[in-house]
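Novice: Here's my sequence, what's the structure:
(chains A, B and C)
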Amino acid sequence: MALVTAMRISARALFRPWAWLPGGAFGRTESAARGGVGARGFGSQRVLVEPDPAAGIAVMKLKNPPVNSLSLELLTELVISLEKLENDKTFRGIILTSDCPGVFSAGLDLTEMCGKNPAHYAEYWKAMQELWLRLYLSNLVLIAAINGASPAGGCLISLTCDYRVLADNPKYVIGLNETLLGIIAPFWFKDTLMNTIGHRASELALQLGILFPPAEALQVGMVDKVVPEDQVQSTALSVMAQWLSIPDHARQLTKNMMRKPTADRLVKHRDSDIQNFVSFISRDSIQKSLQVYLGKLRQKKG
Amino acid sequence: MALVTAMRISARALFRPWAWLPGGAFGRTESAARGGVGARGFGSQRVLVEPDPAAGIAVMKLKNPPVNSLSLELLTELVISLEKLENDKTFRGIILTSDCPGVFSAGLDLTEMCGKNPAHYAEYWKAMQELWLRLYLSNLVLIAAINGASPAGGCLISLTCDYRVLADNPKYVIGLNETLLGIIAPFWFKDTLMNTIGHRASELALQLGILFPPAEALQVGMVDKVVPEDQVQSTALSVMAQWLSIPDHARQLTKNMMRKPTADRLVKHRDSDIQNFVSFISRDSIQKSLQVYLGKLRQKKG
Amino acid sequence: MALVTAMRISARALFRPWAWLPGGAFGRTESAARGGVGARGFGSQRVLVEPDPAAGIAVMKLKNPPVNSLSLELLTELVISLEKLENDKTFRGIILTSDCPGVFSAGLDLTEMCGKNPAHYAEYWKAMQELWLRLYLSNLVLIAAINGASPAGGCLISLTCDYRVLADNPKYVIGLNETLLGIIAPFWFKDTLMNTIGHRASELALQLGILFPPAEALQVGMVDKVVPEDQVQSTALSVMAQWLSIPDHARQLTKNMMRKPTADRLVKHRDSDIQNFVSFISRDSIQKSLQVYLGKLRQKKG
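Specialist: Residues are numbered from 1 along each chain as shown, chains lettered A, B, ... in the order given. Predicted structure coming up:
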């Protein structure tokens, strides 16, 4: 219980007001710099937000190079950006995409899970849960413009959206491939996948850790549309227009009716899910594996 | 509680014996008039029943022109006709179809939901629940011969059947399009759809209020067969023959095993579902919208 | 309760140590006789086990001629063989197939359900439950190499596997066809099917007792791959290699997460499920039907 209480305070601190963030907050984004009309960008260091108030939408770009690892900072900034847009009546929809070439998001940040203390692991996992809960139940229309690979946590984030457009590039694989790394997708990853592609396909995809190339991803229902890479953004925009033609209130209540039972399962088991994660990741064997793996990654880079 | 008690009495009164119905009850139907052998028709004003005792089946035609709106009278007569056939050992199956050209059923009757008092709304919604429960758990084989458009409540009725044959006419769209009107499909509409087309397709169909043309309806699993318009009836008959080749008792128990958990959810929450409907529909904003909408419909007609 | 206690003891006796089995236990199998390298076979009278320790797999062949009826002996020997392999760290996967030409398994053994006493029926049903529970939750990778027809219980066994390869022969139909015989698939048969092909397809398949030929079985998702008959075994082996490339521990936990809720439903209702079976099968009408049916089978044979 002491752990949990500590985490709650820590988490509350995490979700501090937007304006407190250092770095790129309220800076001009590329699109604004390029002179888009009314496209005064805002955002944080790791989340570029390009608003289009006239259209009622914003493009939200993950920018945590090189591969948009879901670091604690990125998770936090995503939640804050999302909350900001949710609370601003101007916005009805978000297009979620990547600013890092070739990668939508590589998923969980292994450096957050290695060589730290249990309190840090707990804080990290709680932030991951928080992002999922807010994305999955968002009142805004969320369209994923998937312009790169999205394994594991990257896949999860796209699965929380209302619609997924994937660039037709064989390198842009998507899937919950946790088993390949010897780890297990948590039950709410599994639930999100099952709600998307059904029980049997999830059984295969999760056990085998399948990373689907675009055509297969489309066939199994992991994404809704595959288009040439240079049409991902425009397709996402036209899909968004279709979704925005639906009265918001009715759409939001319907979305909530479909998704709340799944979200409630995590809310109910949130603390035990954190404890499971912390005790799993704290194991010597897992820590050693991660160190070896990270060492290799650094060598490769260096 | 007083409201609920009152409704129960009122509902019991609704389901008065068949023979008390005025109008077309026990009259001769078209097919009987055309001299069909043994095809002595019976029915009510709004539900034509054409029995074929030798085959053990009856064709039940909705006849509430112009668009088979599910008025309180139609709901009531449908339940009574259904009950009559259920209780007659002669009959093992029903083909459900429309007597109104171009429309299977337009769904809920907006005039029942506008300018009336809460007791009326409650009575209306309880009748809608009652019809769904009886259709969804019917011991008879129900085949929908969908010879017209079936939005919203019309779609729901077809979804309760064991098999759906749709006429291949691009105007004959089918779907739960409630969000388009700014309203929300109740949870048991959603459950019925999810049992038919799965979670993800339901999420899209319900949020976007999609009305599927025949080819798309077939692809998503909203209907089981699409045939040329003049073959809907004959196809329904041959499908029925296949279903009737299965021993009734085993088929009925199997159907019940598949569907009862879904029906039980409504049974358990029936009163609160009525209260939700009544309080939603009684809102000033909703009443105003409905009046405007109905006004337009009348202008169009006049 | 007395019945249940008696059954428990009886069941414990059933699962007596492997070595106590008479007959073919620890005998040489055909493949060993044919001189396969390291393929020293073991098994029981009705279950041939061909181990390949180097590959970490075993082929398990049902051999209860002529049609692999699931007799009490076969069920018992299957559970024992399975347990033996589960407890031997050498083995990571099993290919389940038939030694009887043209039939994978014909399903429940009607002679176990006819003219016996309630205690026998209870023992039989408990053995069937036990086999299902152990197969469905097995930690080993199970690949079904379906080289013959697999109706009813035969279909169920294949559905417990992680992957199904079916020989492309129009006679090799697969499905839960219980209703055709006037009986009902138990809820855990239904659950297993729903987890494989979804709610709507299960509704159709179970009510109509559909036996799917290979192409239809593949389309509906009842099997994962259809190949020419002489490639069933080699395909199963290459699929197995893919599954064995996944770290065992992560795969096992993921499988358990997907399947345990379904298995738990039977565990929770196990006794009442046995009582339902016993009282159903003990009915005079059912006993007479079975006697007539068995009489015909014997005439046909004789």
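Novice: who's in contact with stretch A:227-237?
Specialist: If you take CB atoms under 8 Å, 6 or more residues apart in numbering or on different chains as the criterion, stretch A:227-237 is touched by A:57, A:59, A:95, A:97, A:143-147, A:165-169, A:225. C-betas here are computed from N, CA, C, even on glycine.
Novice: run the last query once more with 10 Å
Specialist: A:52, A:55, A:57, A:59, A:93, A:95-97, A:143-148, A:161, A:163-169, A:172, A:214, A:225-226, A:238 (CB atoms under 10 Å, 6 or more residues apart in numbering or on different chains).
Novice: tell me the secondary structure for A:Val239?
Specialist: Put simply, A:Val239 is helix when judged by DSSP: H, G, I helix; E, B strand; the rest coil.
Novice: mind checking how far it is from A:Asp284?
Specialist: 47 Å (CB to CB, to the nearest Å).
Novice: Neighbour count: the two, which is higher?
Specialist: A:Val239 (21 against 7; other CB atoms under 10 Å in any protein chain shown).
Novice: still on that earlier bit, sitting in helices, which of the contacts of stretch A:227-237 do you find?
Specialist: Taking DSSP state H, the ones among these that sit in helices are A:Pro214, A:Ser238.
Novice: Quick one, grab the pLDDT at A:Leu181.
Specialist: On pLDDT, A:Leu181 comes in at 85.
Novice: same thing with the one 3 residues further on?
Specialist: A:Ile184 is assigned 92 on the pLDDT scale.
Novice: Kindly report the same for A:Phe42.
Specialist: pLDDT, A:Phe42: 67.
Novice: How about A:Glu130?
Specialist: pLDDT, read off for A:Glu130, is 98.
Novice: Report whether it is found in a helix, as I expect.
Specialist: Yes: A:Glu130 sits within a helix when classified using three-state DSSP.
Novice: Quick check: it touching A:Leu70?
Specialist: No: taking contacts as CB atoms under 10 Å, A:Glu130 lies outside contact range of A:Leu70: 11.9 Å.
Novice: Among the two, which residue is more densely surrounded?
Specialist: Taking neighbours as other CB under 10 Å, A:Glu130 and A:Leu70 compare with A:Leu70 leading, 26 against 19.
Novice: Report the separation between that one and chain B.
Specialist: Using CB to the nearest CB, to the nearest Å, A:Leu70 is found at 24 Å from chain B.
Novice: got it, and A:Tyr124?
Specialist: 29 Å.
Novice: Now do the same contact list for that residue.
Specialist: With CB under 10 Å, 6+ apart, A:Tyr124 has these contacts: A:70-72, A:75, A:108-109, A:112-113, A:116, A:274, A:277-278, A:281.
Novice: do the same with A:Ser285
Specialist: A:Gly182.
Novice: Doesn't it belong to a helix?
Specialist: Yes: looking at A:Ser285 with three-state DSSP, it is inside a helix.
Novice: returning to what we had before: looking at the contacts of A:Tyr124, which are in helices?
Specialist: Filtering these for helices - DSSP H - leaves A:Leu72, A:Leu75, A:Ile274, A:Phe277, A:Val278, A:Ile281.
Novice: Among those residues, which one has the most neighbours?
Specialist: A:Leu75 (27 neighbours).
Novice: nearest spatial neighbour of that residue, skipping sequence neighbours?
Specialist: A:Ala127 (4.2 Å; CB to CB, 6 or more residues apart in numbering or on different chains).
Novice: Can you tell me how far the one you found is from A:Asp109?
Specialist: Distance from A:Ala127 to A:Asp109, by CB to CB: 11 Å.
Novice: And the helices in chain A?
Specialist: A:2-14, A:30-33, A:72-87, A:118-136, A:152-159, A:187-197, A:199-208, A:214-220, A:232-244, A:248-268, A:270-282, A:284-301.
Novice: on that earlier part again, tell me the one of the ones in helices among the contacts of A:Tyr124 nearest B:Lys288?
Specialist: Nearest to B:Lys288, judged by CB to CB, of the ones in helices among the contacts of A:Tyr124 is A:Leu75 at 44.0 Å.
Novice: who touches that closest one in this structure?
Specialist: A:14, A:46, A:64, A:108-109, A:112, A:123-132, A:153.
Novice: Got a ChimeraX select line for the buried ones in those residues?
Specialist: The ChimeraX selection below is limited to those of the contacts of A:Leu75 classed as buried (16 or more other CB atoms under 10 Å in any protein chain shown):
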select /A:14,46,64,108,109,112,123,124,125,126,127,128,129,130,131,132,153
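Novice: If I look at the residue lying closest to A:Ala201 once chain neighbours are set aside, what pLDDT would I see?
Specialist: Spatial nearest neighbour of A:Ala201, excluding adjacent residues (CB to CB, 6+ apart): A:Val220 at 5.3 Å. At A:Val220, the model reports a pLDDT of 98.
Novice: separation between the closest residue to chain C within the stretch 1-150 of chain A and A:Pro186?
Specialist: Per CB to the nearest CB, A:Leu108 is where the stretch 1-150 of chain A lies closest to chain C, at 14.8 Å. Distance of A:Leu108 to A:Pro186, given as CB to CB: 11 Å.
Novice: doesn't A:Ile80 make contact with the residue nearest to A:Leu75?
Specialist: No: with contact defined as CB under 10 Å, A:Ala127 does not reach A:Ile80; the gap is 11.0 Å.
Novice: what's around the closest residue to chain B within the stretch 1-150 of chain A, how many residues?
Specialist: The stretch 1-150 of chain A approaches chain B most closely through A:Val141 (8.8 Å), counting by CB to the nearest CB. Using other CB under 10 Å, A:Val141 has 26 other residues around it.
Novice: Report the contact partners of the nearest residue to A:Lys255 once chain neighbours are set aside.
Specialist: Counting by CB to CB, 6+ apart, B:Gln207 is the residue found nearest to A:Lys255 once chain neighbours are left out, at 5.7 Å. B:Gln207 makes contact with A:141, A:162-163, A:243, A:246, A:250-255, A:257-258, B:179 under the criterion CB under 10 Å, 6+ apart.
Novice: which one among the ones in helices among the contacts of A:Tyr124 gets closest to C:Met194?
Specialist: A:Phe277 (30.4 Å).
Novice: who are the neighbours in contact with the closest residue in space to the closest one that isn't next to it in sequence?
Specialist: Computed as CB to CB, 6+ apart, the closest residue to A:Phe277 that is not its neighbour in sequence is A:Trp125, at 4.4 Å. Residues near A:Trp125 by CB under 10 Å, 6+ apart: A:7, A:75, A:108, A:112-113, A:186, A:270, A:273-278, A:281.
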